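K.L.:
here is my input; please provide its structure:
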Amino acid sequence: MFSNRQEDVENLLNQNIEFRRLYNKHQELDKKVHAAETGLNPMEDLALVQLKKEKLWAKDQMARLLDSQH
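P.N.:
Next up is the predicted model:
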């Protein structure tokens, strides 16, 4: 995620509480999605879709914060 802007991500993780909160939320959601998709923690399709939407929302918010940095 944002591999071409790793330095910017690291700076925001250290300096911006909101970015850090969003990053942690995204990581948590990513683990849940992965667990559901691999069968470790099966869930209803609708619940999985909702998790994916939340994950994408968090990523979009992080992208906005990254873009506003410059």
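
K.L.:
rest of the way, CA atoms for contacts and neighbours
P.N.:
OK.

K.L.:
for Leu22, the count of nearby residues, please.
P.N.:
19 (other CA atoms under 10 Å).

K.L.:
that one and Met43: what is the separation?
P.N.:
23 Å (CA to CA, to the nearest Å).

K.L.:
residue closest to the middle of the chain?
P.N.:
For the chain, the residue nearest the mean C-alpha position is His26 (2.4 Å; CA atoms, centre = their mean).

K.L.:
and the helices in this structure?
P.N.:
6-15, 17-37, 45-68 (DSSP state H).

K.L.:
where does pLDDT dip in this structure?
P.N.:
70 (pLDDT under 70).

K.L.:
what about Gln61, distance to Leu40?
P.N.:
For Gln61, the distance to Leu40 - CA to CA - is 28 Å.

K.L.:
tell me which of these two has more neighbours.
P.N.:
Counted by other CA under 10 Å, Gln61 and Leu40 do not tie: Gln61 has more neighbours, with 15 against 10.

K.L.:
name all residues that make contact with the more buried one.
P.N.:
Gln61 sits next to Leu22 when contact means CA atoms under 8 Å, 6 or more residues apart in numbering.

K.L.:
residues contacting the residue nearest to the centre of the chain?
P.N.:
Counting by CA under 8 Å, 6+ apart, His26 has contacts Lys55, Ala58, Lys59.

K.L.:
redo those residues as a markdown table? Include distance to Lys31 and neighbour count.
P.N.:
Listed next are these as a markdown table, based on distance: CA to CA, whole Å; neighbours: other CA atoms under 10 Å:
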| residue | distance to Lys31 | neighbour count |
| --- | --- | --- |
| Lys55 | 10 | 21 |
| Ala58 | 14 | 21 |
| Lys59 | 14 | 20 |
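
K.L.:
need the residues you listed in TSV with distance to Arg5, can you?
P.N.:
Listed next are these as TSV, based on distance: CA to CA, whole Å:
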residue	distance to Arg5
Lys55	19
Ala58	17
Lys59	14
